[in-house]
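Asks: The sequence and its predicted three-dimensional model are supplied below.
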Amino acid sequence: MQVESLHQCIGVELNINHDHVYSCRFCLLSKKDQTLTIERKKITEGTLNTIIEALPRNYPVALTLTGKGIIHKNLNAEANLTSAQIFQNAFPAIDQKDFYIQNYFEKGCGLVSIIRKTQVDDLLEKLKRAGLKIYSLSLGAIGTNLIWPQLNIYANEIQFDGHQFNLNEQKQFLTYQYKAEFNSKFPVKIEQEVIDERNVLAYASAFQLLLHEKITPVIADVDAVNNDFSNFLAHAKLKKNALRFLFALFALLLISFVLFSYYNQENAKLAQQVVLQTANADQTDLMNKNIAENEALLKQLNWNGGYNYGFIITEIGKTTPKHLQLKEITVNEFKAEIEKAERIPSIKIVGTTSNLTAVNNWIFVLKEKSWVKTVKLLKYQEDSETEEYEFSLFLTY
């Protein structure tokens, strides 16, 4: 499980010299992308209070205990043995329930480390009361196995700060022992960086905590510490999921806002178009109403369609054949009720002639005029007194 919030931690080696006196080496390690950086490292000695005052706060702590009270035993173990069986083989005369145990095995060779629970519990209580957040606890220097490939030690024997590991040809663990005179003959380097050999174990402790999701750390079976680390991981995962949820929610809100703004603008445009269309429809209805009222008014005023009466009489006079004598011209005389209702512009012409053909020809001439709609012959009869014929025409325009 990768936890992004665990990007810095302190590796602390607490060496128990004698009653109430400790030697402390700590290393503040930072992880960024794929790079590990040593931010601070320090060595201090004194009482536990002195050690606590020297340690930085607000960082996860990977604690390793060394020195008095810790027993290590090398052994060859068969595969598939339980932890209880391994302990029984290593320490047959000791009651397991009184000790915290740390097992390490590689290709049949192993190292079992134990320490009394009372000693560890008392120490952890004091460190926790001081505000230190301890998320892993290891016994001895075997936890450095993870960084052996980084050290500039290429022989089958690794020595630093009193610790000695014997390796086989494949650089795998064989045995471990501690003597104060076991020191490196050359300056120790981690990759290309020189480091005091007394800080190697503190660096390895921080290393295995920072990279816990990629490696198998070597830790003791201290339930209180291991449970605290599990709770830390669960809280970090919950926090990470909560941040993801908040970012997702923010993204949804942003998308909703953008969509709302877009559709609100589109709705405003549509509403404006509806208003314009409604206004145009209302204006059209008003214009149609005005036209109808004006048409009705024109009918009441006997409007003749826009033609001047003088023009009409002149046109009639110009087209009248010489064989016709006009007696009467009546414009827009509405006598019948239907004529009054319809108010169609009309002209009634009354005249006499002795030539019926001239009347017919005049009717055709009048029909050819652009302003004339219809021409009808209403009456054509002989006048007994004058021996001429009287006719009447009805013309609409």
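Replies: Right, received. Where do you want to start? Numbering: from 1, shown residues only.

Asks: Where do the helices of the chain begin and end?
Replies: Using DSSP state H, the helices of the chain run over residues 48-54, 83-90, 117-129, 200-210, 223-300, 309-319, 337-342, 356-367.

Asks: Quick check: which ranges of this protein have low pLDDT?
Replies: Where the chain drops to pLDDT under 70, the residues are 1-5, 77-79, 298-306, 334-343.

Asks: tell me, what residue is most central in it?
Replies: Ala251 (3.3 Å; CA atoms, centre = their mean).

Asks: List the residues that contact that residue.
Replies: Neighbour list for Ala251: empty [criterion: CB atoms under 8 Å, 6 or more residues apart in numbering]. Where C-beta positions appear, they are placed from N, C-alpha and C, glycine not excepted.

Asks: Pretty sure Pro321 sits against Trp362.
Replies: Yes - with contact defined as CB atoms under 8 Å, Pro321 and Trp362 form a contacting pair (5.4 Å).

Asks: of the two, who's got more company?
Replies: Trp362 (23 against 13; other CB atoms under 10 Å).

Asks: Please tell me I have it right and that one contacts Thr319.
Replies: Yes - taking CB under 8 Å as the definition, Trp362 is a contact partner of Thr319 at 6.7 Å.

Asks: Excluding chain neighbours, give the residue nearest to Lys189 in space.
Replies: The shortest distance from Lys189 to any non-neighbouring residue, by CB to CB, 6 or more residues apart in numbering, is to Asn152 (4.3 Å).

Asks: List phi and psi for Val188.
Replies: phi -90, psi 130 (degrees, to the nearest 10).

Asks: That one - nearest residue in space that isn't next to it in sequence?
Replies: Using CB to CB, 6+ apart and skipping residues adjacent in sequence, the residue nearest Val188 is Glu197, 4.6 Å away.

Asks: Quick check: that neighbour vs Leu111, distance?
Replies: 20 Å (CB to CB, to the nearest Å).

Asks: how about stretch 319-327: buried residues?
Replies: Residues 320, 324 are the ones in stretch 319-327 that count as buried (16 or more other CB atoms under 10 Å).

Asks: Straight-line length of it, end to end?
Replies: In stretch 319-327, first residue to last residue: 15 Å (CA to CA, to the nearest Å).

Asks: thinking in terms of the whole chain, how far from its middle is it?
Replies: 96 Å (CA atoms, centre = their mean, to the nearest Å).

Asks: what does stretch 134-142 give?
Replies: 42 Å.

Asks: And stretch 157-168, by the same measure?
Replies: 54 Å.

Asks: ditto for stretch 8-15
Replies: Worked out by CA atoms, centre = their mean, stretch 8-15 lies 40 Å from the chain centre.

Asks: what does that stretch contact?
Replies: Under CB under 8 Å, 6+ apart, the answer for stretch 8-15 is 22-31, 39, 51, 55-56, 59-67, 123, 135, 201-207, 209-210.

Asks: Appreciated, that's everything.
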